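**Q** Starting from these lines, generate the structure:
(one chain, ligands or ions: 1)
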Amino acid sequence: MRALSHLATPALWEARREECRRAARALLARTFVQKPSDIDVDALAFEAGGLLIEEGGLESAEGRLLANGKQTGVIRVRAGMALPRRRFTVAHEIGHRSLHSKGVINHTDSPKTLAIWNDRGEEAEANTFAAELLLPTEMVLPRFTGHEPSIALIEAVASEFRTSRLSTAIQYIRCTNEVVALVVSHGWDIEWSQRTKDFLPRIRTGRVSKDSAAGERLARIRPDSGRMVVTPAYAWLEGFDQNSNKDLKEDSVYLDYYDRTVTLLWLEDDISD
Ligand SMILES: [Zn+2]
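**A** Residues are numbered from 1 along each chain as shown. Purely as a prediction, here's the structure:
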């Protein structure tokens, strides 16, 4: 499979991402994974291409994939990494091996490449693969169902599956039936957002509103929201101004590893007039 960065439509782009997830599920099936504790990234790396995990020897990178095209190779990870970060980094490198090259490969990753989800390049593909490998849809779906949306729910699933909160949030937005959206901001800049299909209003672009919980944290007025809180619609949604009395719910958390704020928006009630 090659990266199809020229794909023009969202439907084709999603089809390519589903291909990445399917490759992850096929690898899981080969190692007889049936429950979260069976997801052993070291065994999966070996099964994917004879890849062995080694720690240390990296100066500024988080992970590095070195393979010679002869069904052997090394995934090197930064020494002393927390387990969820180590697992996600290894899974990302397995993604490159499975999706992008069976031949010689020498690829290095940083927190920046491990945070790319929303473009059409190989890093987003490797992250999509890694999320499905560590958080298989069929296993996380029942855990996400029947609970109100919250960052705490995402953190509980991330903890059980021993992986990153951001990748768990991405899987949550894919799997949930709730009317929610995920917004990722860098400082005061909104970088990208994803909505579930029933979340109809468009998310604002540009700057984070100082009237949102994310904005109040950036301004050091409050810490992370810690739960769903009411926030004015104009703070996050296009088509609403400060005279509107409409609101929605927001739960925001700052992730220092990525230096990004992750915001979960929830339309509990219909917000249209
Ligand atoms: Zn990468």
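**Q** what's the pLDDT at whichever residue of the stretch 151-273 of the chain sits closest to the ion?
**A** The minimum distance from the stretch 151-273 of the chain to the ion, using C-beta to the ion, falls at Ser167 (13.5 Å). C-beta here means a position set from N, CA and C on the backbone, and glycine is covered the same way. Looking at Ser167, its pLDDT reads 96.
**Q** List of residues touching whichever strand or helix holds it?
**A** Using DSSP states H and E, Ser167 falls within helix 165-175. In this structure, residues lying in contact with helix 165-175 by C-beta atoms under 8 Å, 6 or more residues apart in numbering are 88, 115, 117, 127, 130-132, 134-135, 137, 140-141, 144, 149, 151, 153-155, 157-158, 161, 180-182, 184, 194-196, 253, 255, 258, 260, 262, 264.
**Q** Contacts only, for the closest residue to the ion within the stretch 51-200 of the chain.
**A** Closest to the ion within the stretch 51-200 of the chain is Asp109: 4.2 Å, counting by C-beta to the ion. Asp109 sits next to 61-64, 89, 92-93, 123 when contact means C-beta under 8 Å, 6+ apart.
**Q** thinking again about what came up before, and the contacts of helix 165-175, which are buried?
**A** 88, 115, 117, 127, 130-132, 134-135, 140, 144, 149, 151, 153-154, 157-158, 161, 180-182, 184, 194-196, 253, 255, 258, 260, 262, 264 (16 or more other C-beta atoms under 10 Å).
**Q** now, which of these lie within helices?
**A** 88, 127, 130-132, 134, 140, 144, 151, 153-154, 157-158, 161 (DSSP state H).
**Q** Turn those residues into CSV, columns for pLDDT.
**A** Compiled in CSV, these are given as follows (pLDDT from 0 to 100):
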residue, pLDDT
Phe88, 97
Asn127, 97
Ala130, 98
Ala131, 98
Glu132, 98
Leu134, 98
Val140, 97
Phe144, 96
Ile151, 98
Leu153, 98
Ile154, 98
Val157, 98
Ala158, 97
Phe161, 98
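**Q** Pull out the C-alpha coordinates of the helix holding Ser167 and format them as CSV.
**A** What follows is helix 165-175, C-alpha atoms only, in CSV (Å, rounded to 0.1, in the frame of the first residue of the first chain):
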residue,chain,number,x,y,z
ARG,A,165,-5.2,10.0,25.5
LEU,A,166,-5.1,11.7,22.1
SER,A,167,-5.3,8.4,20.2
THR,A,168,-8.1,7.3,22.5
ALA,A,169,-10.0,10.5,21.9
ILE,A,170,-9.7,10.0,18.1
GLN,A,171,-11.2,6.4,18.5
TYR,A,172,-13.9,7.8,20.7
ILE,A,173,-15.0,10.4,18.0
ARG,A,174,-15.1,7.5,15.5
CYS,A,175,-17.1,5.1,17.6
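**Q** Just give me how far it sits from the chain centre.
**A** Put simply, helix 165-175 sits 6 Å off its chain's centre (C-alpha atoms, centre = their mean, to the nearest Å).
**Q** cool, and stretch 185-204?
**A** 14 Å.
**Q** and the end-to-end length of it?
**A** Start-to-end span of stretch 185-204 (C-alpha to C-alpha, to the nearest Å) is 11 Å.
**Q** Where is the longest helix in this structure?
**A** helix 10-30.
**Q** Stretch 111-122 - what's its average pLDDT?
**A** Here the average pLDDT along stretch 111-122 is 91.
**Q** for stretch 73-81, same thing?
**A** On average, stretch 73-81 scores 95.
**Q** Quick one: end-to-end distance for it.
**A** 21 Å.
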